[in-house]
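Participant: No sequence on hand, only this structure:
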Ligand SMILES: [Zn+2]
Ligand SMILES: [Zn+2]
């Protein structure tokens, strides 16, 4: 049974240049084996791949030595020295390594500093969840971790309360500049709530920080009826220049505009795919190059390369 699977996988690979997908197992020969049996027979899909001697896809990791470098290449390093995992939108990045899912920051810590003791969690000293720089990571207990972020919220709110009286626009900007992480042109507040917006505790209630900033900066009553729109489409951004007041309807138009802007066409997709074959650039640089050229997001470029979009177009 194992041999049959391997020879089938090899055959598909020779015909199509890619490893078979679930769909391929159903083609002309029918099932060489029950697809669900593959994890049982091989342990993981990655293991099957290895058994076939098929070279790992570009972007997949072959040895632990390359791993840390690979992670760094897939991050954008900002001025705080944080390695920002490019897929993460203030969530922990996850990758498959040796057939298992791991948090990227976890892998990065293990590679640089060794195993994590049972019961301990990884803490971001930089309060940047997206960061995978092992130098910014340390282990601690769950409790310490929670106290960490509470302490951070407290000091942040203490700061804004301290400044709140008679705060001028300049002071507000200065404070935000000192406490936010810069990502592209955006100022990202380090702590966001479950909806992805930064929140801040003032007096006796929580405020949405971007709305709060906009209300002060544009001189609008926080409580009145309006919507704070992110013109950068980055929810956790609090750069006052990226937030404008509008109506609910405007907000809908914003998100449609955003998706319209990130549309690629066939020719560009072909160019990207061809370039990817011959490029020497590391992935992050490659994404940036094409996102600039095609005026789309890095994610859009990445989706093209990894076949999440436009998979029907061959280079
Ligand atoms: Zn960091
Ligand atoms: Zn922004």
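Facilitator: Happy to help now that I have it. None of the values given here were measured: they were computed from a predicted structure. Ligands and ions are numbered 1, 2, ... in the order given.

Participant: Please enumerate the strands of the stretch 151-300 of the chain.
Facilitator: Ranges of strands in the stretch 151-300 of the chain, per DSSP state E, counting those that start in this stretch, are 181-183, 186-188, 199-202, 205-208, 227-230, 243-246.

Participant: Could you check what's spatially nearest to residue 126, not counting adjacent residues?
Facilitator: Using CB to CB, 6 or more residues apart in numbering and skipping residues adjacent in sequence, the residue nearest residue 126 is residue 136, 4.4 Å away. C-beta here means a position set from N, CA and C on the backbone, and glycine is covered the same way.

Participant: hmm, back to that, looking at the strands of the stretch 151-300 of the chain, which one is packed in the most?
Facilitator: When you average the neighbours per residue for each of the strands of the stretch 151-300 of the chain (mean count of other CB atoms under 10 Å), strand 186-188 leads with a mean of 23.

Participant: residues touching residue 113, list them.
Facilitator: The neighbourhood of residue 113, defined by CB atoms under 8 Å, 6 or more residues apart in numbering, consists of 134, 137.

Participant: Number the residues from 87 up from this point.
Facilitator: Will do, 87 is the new start, and the previous item becomes residue 199.

Participant: next one: phi and psi at it?
Facilitator: When quoted as degrees, to the nearest 10, the phi and psi of residue 199 stand at phi -120, psi 0.

Participant: who in the stretch 87-236 of the chain is up against ligand 2?
Facilitator: Nowhere does the stretch 87-236 of the chain come near ligand 2, counting by CB under 5 Å from the ion.

Participant: do the helix or strand where residue 162 lies and ligand 1 meet at all?
Facilitator: According to DSSP states H and E, residue 162 maps onto strand 161-163. No. Strand 161-163 lies out of reach of ligand 1 by CB under 5 Å from the ion, never closer than 9.4 Å.

Participant: Given that strand, what are its sheet partners and their directions?
Facilitator: Counting by DSSP bridges, the strands paired with strand 161-163 are strand 169-171 (antiparallel).

Participant: How about the partner strand and ligand 1, any contact?
Facilitator: No. Strand 169-171 lies out of reach of ligand 1 by CB under 5 Å from the ion, never closer than 6.8 Å.

Participant: what sits up against that strand?
Facilitator: Applying CB under 8 Å, 6+ apart, the contact partners of strand 169-171 are 157-158, 160-164, 178-179, 190-191, 194, 214, 216-219, 269.

Participant: any idea of the mean pLDDT for it?
Facilitator: Summarised as a single mean, pLDDT over strand 169-171 is 83.

Participant: which of the contacts of strand 169-171 count as buried?
Facilitator: 157-158, 160-162, 164, 178-179, 190-191, 194, 214, 216-219, 269 (16 or more other CB atoms under 10 Å).

Participant: So which of those sit within helices?
Facilitator: Among these, DSSP state H puts 157-158, 190-191, 194 in helices.

Participant: Rebuild the residues you listed as TSV, extending it with pLDDT.
Facilitator: Below are these laid out as TSV (pLDDT from 0 to 100):
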residue	pLDDT
157	80
158	81
190	85
191	88
194	88
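
Participant: Show me which pair in those residues is furthest apart.
Facilitator: Greatest spatial distance among those (CB to CB): 158 and 191, at 12.3 Å.

Participant: Between these two, which contacts overlap?
Facilitator: If you check residue 158 and residue 191 against CB under 8 Å, 6+ apart, the residues they both contact are residue 218.

Participant: what about the residue nearest to residue 303 when sequence neighbours are not counted, how many neighbours?
Facilitator: Distances taken as CB to CB, 6+ apart put residue 326 closest to residue 303, at 4.2 Å, once the chain neighbours are dropped. Neighbours of residue 326 under the rule other CB atoms under 10 Å: 18.

Participant: Contacts only, for residue 326.
Facilitator: For residue 326, the contacting residues are 255, 258-259, 262, 299-300, 303, by CB under 8 Å, 6+ apart.

Participant: Go again with 10 Å.
Facilitator: Residue 326 makes contacts with 255, 258-259, 262, 273, 296, 299-300, 302-304, as judged by CB atoms under 10 Å, 6 or more residues apart in numbering.

Participant: Specify which member of those residues is nearest to ligand 2.
Facilitator: Nearest to ligand 2 among the contacts of residue 326 is residue 273, at 6.7 Å by CB to the ion.

Participant: is it true that the closest one touches residue 258?
Facilitator: No. Between residue 273 and residue 258 there is no contact under CB atoms under 10 Å: 11.4 Å.

Participant: what is in contact with these two at once?
Facilitator: Common contacts of residue 273 and residue 258, defined by CB under 10 Å, 6+ apart, comprise 299, 324, 326.

Participant: Tell me, what's the model's pLDDT at residue 101?
Facilitator: For residue 101, the pLDDT comes out at 76.

Participant: Tell me the buried residues in the helix or strand that contains it?
Facilitator: Take DSSP H and E as the rule and residue 101 turns out to sit in helix 88-102. Within helix 88-102, the residues that qualify as buried are 91-92, 94-96, 98-99, counting by 16+ other CB under 10 Å.
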